[in-house]
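Trainee: Just to be clear, the model below is a prediction. Sequence and coordinates:
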Amino acid sequence: MSRRPDKLVAYESVLARHPATDPWRHTAGAEPSYEPDYDLLGELLTQPVRGGEASESGAFAKGIDAWIAHELRRAGFGADEVWPRANQPRVLPRDVAVLLDKLPKSLADEMRARVSAMPAVTPADAVILGRAYDKQVDVVISRWERGPELLVSTKAQVSSFGKNLPNRFEEAYGDAGNLRGRYPLAAVGFLFVQRSTILDTEPEAFERTIDMIRKLRAGMGGASGSGTGADSGGYTATALVLVEWDEDITGLAGGADPEQAGWAGVRVRRDAVPADVAPPQFFTTLIRHITAVTPVVHHVRVRELLERRNLPVTEADADLLTAEVNAATDPATKQTEPAGPLMIDVPLFPDL
């Protein structure tokens, strides 16, 4: 039995049009700066807004999750270790994915169909056991031998800002303590998306939002750098994103296509968000935290992009996984595996 399409299926074609380009910008004498693909976020959120689904849950929220997962893949994390995946199933253990890739095609196709129809193996959402309760986490990086390494919760708010803000604050605090209490080394993040109408309709709520985003961090709003301690009092990184779109898209005459009628879609408003709560520092802090608490032989590709150099090391499990899969595969059908480190033949950064 095939899996029913989920709310992320609508975004698959959009993600396919945005390749995982290098997100880092390097300037001599300065720290690397992370540049998120804001155009992609706008394009993803345009779909639910255009369809009248701009709410604080459902398709709109899933668009935010898809964007964060794509950004992590841009940073070099594996397609199968970042959940939700760009395609169904959204949660697929990497070891299972490697096995499927190494099986003969006919057997792999059959097994892939079977595995995809087994929620116990490939669930639609990542539910993580916290210190006090199970929590459905929106974006996850995890592998069997490493456990959860990144846990990101997302929330969206498009109206009634001041009224609902205290509830968001309380929920976020509880989730941070629940997750960090069990996984003190994991990078735990919180990203909040608001509609930019808050600037005009409820400016006080906007100031309270910025204060909330800062205070949700470990140590009650400490430095926005890469903290790696086991403090369970808050998130490793937090961020605020403002998005905007034209108000009247539902009143287009005759059901006209919004784009053809001149509707600009959803756009990210970057001028009003302070740098210390903006997405670049959010992704930078999470990525640096993960690399700081793992040996250099893990996340090699992530480190190469961040440091802008080729690392003379092999990804820790590369040879082991190859050996295990080849041993379990029919010798008559197995493919020849490349030997040596998992590095590209041409230098990644030839100009340096």
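Mentor: Perfect, thanks for sending it.
Trainee: any idea how far Thr21 is from Ala69?
Mentor: Applying C-beta to C-beta, to the nearest Å, one obtains 15 Å for the distance of Thr21 from Ala69. Quick note: C-beta positions are derived from backbone N, CA and C, even for glycine.
Trainee: isn't Thr285 right next to Tyr235, touching?
Mentor: No. Here Thr285 lies out of contact with Tyr235, judged by C-beta atoms under 8 Å, at a distance of 9.5 Å.
Trainee: Which one's more surrounded, the two?
Mentor: Neighbour totals were compared for Thr285 and Tyr235, and Tyr235 leads with 28 against 24 (other C-beta atoms under 10 Å).
Trainee: wait, that one sits on Leu191?
Mentor: No. Distance between Tyr235 and Leu191: 9.7 Å, which falls outside the contact criterion (C-beta under 8 Å).
Trainee: on that earlier part again, among Thr21 and Ala69, which residue is more densely surrounded?
Mentor: With other C-beta under 10 Å as the criterion, Thr21 and Ala69 differ in neighbour count, and Ala69 comes out ahead with 25 against 8.
Trainee: Now do the contacts for the more buried one.
Mentor: Contacts for Ala69 were tallied using C-beta atoms under 8 Å, 6 or more residues apart in numbering; they are 82-86, 139.
Trainee: farthest-separated two in those?
Mentor: Ala86 and Val139 (12.5 Å; C-beta to C-beta).
Trainee: What residues sit buried inside the lengthiest helix in the chain?
Mentor: Longest helix in the chain, counting residues (DSSP state H): helix 161-182. Judged by neighbour count (16 or more other C-beta atoms under 10 Å), helix 161-182 contains these buried residues: 161, 165, 168-169, 172-173, 175-180, 182.
Trainee: And Leu72, how far from Val193?
Mentor: On the measure of C-beta to C-beta, Leu72 and Val193 end up 17 Å apart.
Trainee: Give me the more crowded residue out of those two.
Mentor: In terms of neighbours (other C-beta under 10 Å), Leu72 is the more surrounded of Leu72 and Val193; the figures are 26 against 23.
Trainee: Grab the nearest non-local neighbour of that one.
Mentor: Residue nearest to Leu72 in three dimensions, not counting chain neighbours: Val82, with 4.8 Å by C-beta to C-beta, 6 or more residues apart in numbering.
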